[in-house]
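**Student:** 3D model of this:
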Amino acid sequence: MTAVALRPAAEDAAGLEYVVALLDAEGLPVSDLHESPATFYVARVDGDRAGAGGIETYGTDALLRSVVVEPDSRGQGVGDALCAALEDRARERGVEDVYLLTTVPAFFAARGYERVDREAAPPAVRATGEFESLCSDAAVAMWRSL
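**Tutor:** I've put the predicted structure just below:
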């Protein structure tokens, strides 16, 4: 697996602007990034920005969101390493179950996530902008126990 260093976007030079630009380029939701309780991270490989992702925690549940890898870093294990690092952050916060919405379910299934009905997510996760309005109905809900 590729070694990925995570740094909170708030501590990375122009980190939030980088996250917004990267997500926007991939058509992922950005309208709530400044108000969202997610902690967004910038992923670096060998010192270079390679992607970003966020984790919103709600007690022992979490929403993994907006995981994206730079186009020139894809296919090198960066996405897998980024998800693993975000899941580690969630574990450190006492999270037991992680939920997400995605248009690439095969990637997350390979990481042990299972498809679930959106209604299976806990109320706090269902109340997020991602679940309520930001992600289309075409996005697949998935879950994984940590």
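**Student:** and the residue of the chain most remote from its centre, its phi and psi?
**Tutor:** Centroid-distance maximum for the chain: residue 46 at 21.0 Å, with Cα atoms, centre = their mean. Dihedral pair for residue 46: phi 50, psi 40, per degrees, to the nearest 10.
**Student:** excluding chain neighbours, what is closest to residue 69?
**Tutor:** Using Cβ to Cβ, 6 or more residues apart in numbering and skipping the chain neighbours, the partner closest in space to residue 69 is residue 51 (3.9 Å). In short, each C-beta sits where N, CA and C put it, glycine included.
**Student:** neighbouring strands of the strand or helix carrying that neighbour in the sheet, and parallel or not?
**Tutor:** Using DSSP states H and E, residue 51 falls within strand 48-58. Sheet pairing for strand 48-58, assigned by DSSP bridges, gives strand 39-45 (antiparallel), strand 61-69 (antiparallel).
**Student:** starting at the chain centroid, how far to the last one?
**Tutor:** Right, strand 61-69. 1 Å (Cα atoms, centre = their mean, to the nearest Å).
**Student:** just give the nearest non-adjacent residue to the residue nearest the centre of the chain, would you?
**Tutor:** The C-alpha lying nearest the average C-alpha coordinate of the chain belongs to residue 65 (Cα atoms, centre = their mean; 3.0 Å). Sequence neighbours aside, residue 54 is the residue nearest to residue 65 in space, at 4.8 Å (criterion: Cβ to Cβ, 6+ apart).
**Student:** all set, thanks.
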